[in-house]
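Visitor: From the sequence below, what's the structure:
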Amino acid sequence: MMERRRLMLIPAITIGIASCQYTFEKGVAKAEFADMPALRGKDYGKTKMRYPDYTETESGLQYKDLRVGVGPSPKKGETVVVDWDGYTIGYYGRIFEARNKTKGGSFEGGDKDFFKFKVGSGQVIPAFEEAILGMAPGGVRRIIVPPDLGYPDNDYNKLGPKPMTFSGQRALDFVLRNQGLIDKTLLFDIELLKIIPNQ
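Guide: Numbering: from 1, shown residues only. Below you'll find the model as predicted:
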């Protein structure tokens, strides 16, 4: 009789444990996909925000001059020397390139070479090309770059500017190649250092 009760008790305990486990897992799953008020109303993945203190061009580029330069603006065919910062503004504002000297714990190195490109040659992302045309030497312009004016095919190796450090490349690559609903909007600060005329 005792043996029979024990045999009947084992399936009952097993079913009870399985039921508790199912309820627990269901609760965890619910918590993982719970409604997040902070994300409500945000259009992640579509990336069209209008910043009121920025000027918006026909292409969708938004810019603000942090410092206005002096002198003529670069023309197509001229080479420009720039320094730049880059941030993943749509994804936690992570820096992937720093002006002057590299900054932050994972960014190593001292002075870096300045970035040069020929205006109108298609060497840089469309937003960079458009922004530089209205600048003068000594000027610093902040631009907000929607994905269609950024890196083609979400690959920073195809057009400049390219982050100089491994950590910068990794931060940018994570955002560009992410298949989820990560906002791929980027922010750049561009400082026009010099215009090299055609030779």
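Visitor: Please make it C-alpha for all contacts and neighbour counts, starting now.
Guide: Noted.
Visitor: What is the neighbour count of the residue nearest to Q62 when sequence neighbours are not counted?
Guide: Spatial nearest neighbour of Q62, chain neighbours left out: E56 (4.3 Å); criterion: Cα to Cα, 6 or more residues apart in numbering. The local packing of E56 (other Cα atoms under 10 Å) involves 16 other residues.
Visitor: E56 and A127 touch, don't they?
Guide: No. E56 lies out of contact with A127 (Cα atoms under 8 Å); the separation is 11.8 Å.
Visitor: circling back to that earlier point, give me the phi and psi for the residue nearest to Q62.
Guide: Main-chain torsions, E56, degrees, to the nearest 10: phi -110, psi 130.
Visitor: which phi and psi does the residue lying closest to R177 once chain neighbours are set aside have?
Guide: Nearest-residue entry for R177: N154, 6.0 Å, with adjacent residues in sequence omitted and distances by Cα to Cα, 6+ apart. When read as degrees, to the nearest 10, the backbone of N154 gives phi 50, psi 40.
Visitor: From what I see, N154 and Q179 are in contact.
Guide: No. Under the contact definition of Cα under 8 Å, N154 does not touch Q179, with a separation of 10.5 Å.
Visitor: The two - which one has more neighbours?
Guide: Between N154 and Q179, N154 has the larger neighbour count (other Cα under 10 Å), namely 17 against 9.
Visitor: Report the separation between D189 and N198.
Guide: For D189, the distance to N198 equals 26 Å [Cα to Cα, to the nearest Å].
Visitor: same check, this time on F96
Guide: Applying Cα to Cα, one obtains 31 Å for the distance of F96 from N198.
Visitor: Between the two ends of stretch 156-168, how far is it?
Guide: Across its full length, stretch 156-168 reaches 11 Å between end residues, using Cα to Cα.
Visitor: ditto for stretch 76-95
Guide: End-to-end distance for stretch 76-95: 30 Å, by Cα to Cα.
Visitor: Likewise for stretch 128-147?
Guide: End-to-end distance of stretch 128-147 (Cα to Cα): 13 Å.
Visitor: re the thing from before, more neighbours, D189 and N198?
Guide: For D189 and N198, the more surrounded residue by other Cα under 10 Å is D189, and the numbers stand at 23 against 10.
Visitor: so where is the protein shaky, pLDDT-wise?
Guide: Across the chain, the stretches falling below the confidence threshold (pLDDT under 70) are 1-48, 101-112, 199.
Visitor: all strands of this protein, in order?
Guide: Secondary structure of the chain (DSSP state E): strands at 55-56, 62-67, 79-88, 94-97, 115-118, 140-145, 186-196.
Visitor: strand partners of the fifth one, parallel vs antiparallel please.
Guide: Strand pairing for strand 115-118, determined by DSSP bridges: strand 79-88 (antiparallel).
Visitor: count of neighbours near D153?
Guide: Residue crowding around D153 was assessed by other Cα under 10 Å; the count is 12.
Visitor: Can you tell me how far it is from V145?
Guide: Distance, D153 to V145, using Cα to Cα: 15 Å.
Visitor: what do you get for N178?
Guide: Taking Cα to Cα as the measure, N178 falls 17 Å from V145.
Visitor: Pick out whichever of these two has more residues nearby.
Guide: Between N178 and V145, counting by other Cα under 10 Å, V145 is the more crowded of the two (25 against 12).
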